[in-house]
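A.B. asks: Could you look at this predicted model? Sequence included:
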Amino acid sequence: MKNSKTILSLLLLFLFFTSSNSQTNVDHTPTPIVATFAKGADIGWLPQMEATGYKFYDTDGIEKDCLQLLKDRGMNTIRLRVWVNPNDDKASGYCSKEETVFMALRAQKTGMRIMINFHYSDSWADPAKQFKPKAWENHTFQELMTDVYDHTFDVLSALKSAGVTPEWVQVGNEIPGGMMWPEGSTKNWNQLAQLLNKGYEATKAIDPKIKVIVHLDEGNNNEKFRLFFDNAKAKNVKYDVIGLSYYPFWIKKDYTETIADLAYNLNDMVDRYNKEVMVVEVGGEYDKAQNTYEMLAATIKAVEAVPNNKGLGVIYWEPQGEKSWSGYSLSAWQSDGKPSMALDAFKD
């Protein structure tokens with residue numbers, strides 16, 4: 001872990017859950033996973049929220065574990081991001097290897113399927129920024145390829161040793177311009193392809209059945225996806241699933257204006273590249289619950305409608321990240337600590 005405060009927080013969480021389990025006769029063995037449609041949540045903020053004392057409540061006002069609240073709303077999958085050497089800042093820290101193992105175990109014990117999302121950075125990686133970890137800043141490209149392989153293999157090995165083999169692994173987070181700039185920029189596709197393939201190879205070395213995802217933003221933007229994945233095909237990038245983000249809020253259009261474009265892009269990706277597809281990030285405005293509910297229902301319907309079961313699932317990004325704690329407006333949680341009705345879309 002990064003420092004003693006983080007270690008203490010995890011220890012307290014561990015003691016809480018183990019003591020809670022020992023005081024009841026409930027069997028916490030998870031239900032065996034079947035290959036059903038994935039409905040889930042990225043919950044990277046959750047351990048920080050709990051460490052700062054945030055409480056989660058059901059609609060009846062009774063305090064509950066957040067993971068159980070999500071599961072009660074039809075979710076069966078948890079996505080966890082991984083940073084290389086994160087700090088312990090409330091908003092931009094945590095997500096280390098050790099914490100990822102801890103949270104993956106906790107989610108699996110709740111019966112959830114697991115997705116691991118590698119940013120290959122010490123903090124947020126997204127279309128606007130893809131900063132290399134500080135420890136890798138002065139490495140040659142050959143060393144960076146080794147870094148990607150070793151980091152991916154190390155985290156997944158730790159998970160496997162703890163009894164968790166994720167179902168999916170993302171190599172990079174929202175990378176329309178590449179990752180680990182400048183070496184892995186799309187301005188140098190040969191190098192980006194090699195970095196992506198190192199993540200793929202490390203993942204498959206842990207378990208060939210893990211599906212590797214390559215992920216872009218603006219899932220309704222077919223031109224962006226064709227440009228990227230045409231290049232990926234030309235450079236022989238190895239992957240199994242095309243991951244999409246879909247946020248009508250960020251493109252300043254209501255979902256009704258873009259949902260048909262998302263559906264078209266999903267089907268085009270399957271037809272054009274013979275890959276599976278998955279919306280790995282989605283979100284709507286917390287204070288427009290009905291609209292967010294309808295957007296989620298439409299998104300799930302669009303992915304489920306992809307022929308031959310090649311639409312794998314839909315994952316909400318930080319639904320529990322209530323705005324008073326996170327400052328984030330696209331959660332699906334209310335100011336009273338209760339889930340928004342928007343999440344009921346996952347029940348259907």
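C.D. replies: It's in.

A.B. asks: drop to CA atoms for contacts and neighbour counts, all remaining ones
C.D. replies: Fine.

A.B. asks: which helix is the longest one in the protein?
C.D. replies: Longest helix in the chain by number of residues, with DSSP state H as the criterion: helix 141-161.

A.B. asks: so how far is it from its chain's centroid?
C.D. replies: In terms of C-alpha atoms, centre = their mean, to the nearest Å, the gap separating the centre of helix 141-161 from the centre of its chain is 18 Å.

A.B. asks: Find the nearest non-adjacent residue to N190, please.
C.D. replies: Closest residue in space to N190, ignoring its immediate chain neighbours: K235 at 6.6 Å, by C-alpha to C-alpha, 6 or more residues apart in numbering.

A.B. asks: Contact partners for that neighbour?
C.D. replies: Residues counted as contacts of K235 (C-alpha atoms under 8 Å, 6 or more residues apart in numbering) are 189-190, 193.

A.B. asks: out of those residues, which is most surrounded?
C.D. replies: For those, the largest neighbour count, defined by other C-alpha atoms under 10 Å, is 22 neighbours, found at A193.

A.B. asks: Over to it. Which of the three states is it?
C.D. replies: Of the three states, A193 takes helix under DSSP: H, G, I helix; E, B strand; the rest coil.

A.B. asks: ok, for it, nearest residue in space, not its chain neighbours?
C.D. replies: Distance criterion C-alpha to C-alpha, 6+ apart; nearest residue to A193, sequence neighbours excluded, is V237 at 5.4 Å.

A.B. asks: That neighbour is in contact with K198, isn't it?
C.D. replies: No. Using C-alpha atoms under 8 Å, V237 is not in contact with K198; the gap is 9.8 Å.

A.B. asks: For the stretch 101-250 of the chain, just list every one of the helices.
C.D. replies: Under the criterion DSSP state H, counting those that start in this stretch, helices of the stretch 101-250 of the chain are mapped to 141-161, 189-206, 222-234.

A.B. asks: Figure out which of those helices is closest to V279.
C.D. replies: V279 lies closest to helix 222-234 among the helices of the stretch 101-250 of the chain, at 13.3 Å (C-alpha to C-alpha).

A.B. asks: Could you list the residues in contact with that closest one?
C.D. replies: 176, 189, 193, 216, 219, 261, 264-265, 269, 273.

A.B. asks: So the closest residue to L159 other than its chain neighbours versus N188, what's the distance?
C.D. replies: In space, and not counting its chain neighbours, L159 is closest to V101: 5.4 Å by C-alpha to C-alpha, 6+ apart. Distance, V101 to N188, using C-alpha to C-alpha, to the nearest Å: 33 Å.

A.B. asks: hmm, back to that, columns mean pLDDT and distance to G243 on top of the helices of the stretch 101-250 of the chain, output as JSON lines?
C.D. replies: Output for the helices of the stretch 101-250 of the chain, formatted as JSON lines (pLDDT from 0 to 100; distance: least, C-alpha to C-alpha, whole Å):
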{"stretch": "helix 141-161", "mean pLDDT": "98", "distance to G243": "18"}
{"stretch": "helix 189-206", "mean pLDDT": "98", "distance to G243": "14"}
{"stretch": "helix 222-234", "mean pLDDT": "98", "distance to G243": "10"}
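
A.B. asks: what's the most buried one of those helices?
C.D. replies: Ranked by average neighbour count under the criterion mean count of other C-alpha atoms under 10 Å, the helices of the stretch 101-250 of the chain are headed by helix 189-206 at a mean of 22.

A.B. asks: From the chain's centre, how far out is that helix? Work that out for me.
C.D. replies: A distance of 19 Å separates the centroid of the chain from that of helix 189-206, by C-alpha atoms, centre = their mean.

A.B. asks: That one versus helix 141-161: what angle between them?
C.D. replies: With axes from the mean of the first three to the mean of the last three C-alpha atoms, to 10 degrees applied, the angle from helix 189-206 to helix 141-161 works out at 30 degrees.

A.B. asks: and helix 189-206 with helix 222-234, angle?
C.D. replies: Counting by the same axes, to 10 degrees, helix 189-206 points 70 degrees away from the direction of helix 222-234.

A.B. asks: Touching helix 189-206 from outside, list them.
C.D. replies: Residues from elsewhere that reach helix 189-206, judged by C-alpha under 8 Å, 6+ apart: 144-146, 148-150, 152-153, 156-157, 160, 169, 171-172, 178-179, 183-186, 210, 212, 231-232, 235-239.

A.B. asks: picking that back up, if you count contacts, what does the longest helix of the chain end up packed against?
C.D. replies: When contacts are defined as 3 or more C-alpha pairs under 8 Å, 6 or more residues apart in numbering; DSSP states H and E, helix 141-161 packs onto helix 97-109, helix 189-206.

A.B. asks: Make JSON lines out of those helices and add distance to Y286.
C.D. replies: Written out in JSON lines, the entries for the helices and strands packed on helix 141-161 read as follows (distance: least, C-alpha to C-alpha, whole Å):
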{"stretch": "helix 97-109", "distance to Y286": "24"}
{"stretch": "helix 189-206", "distance to Y286": "35"}
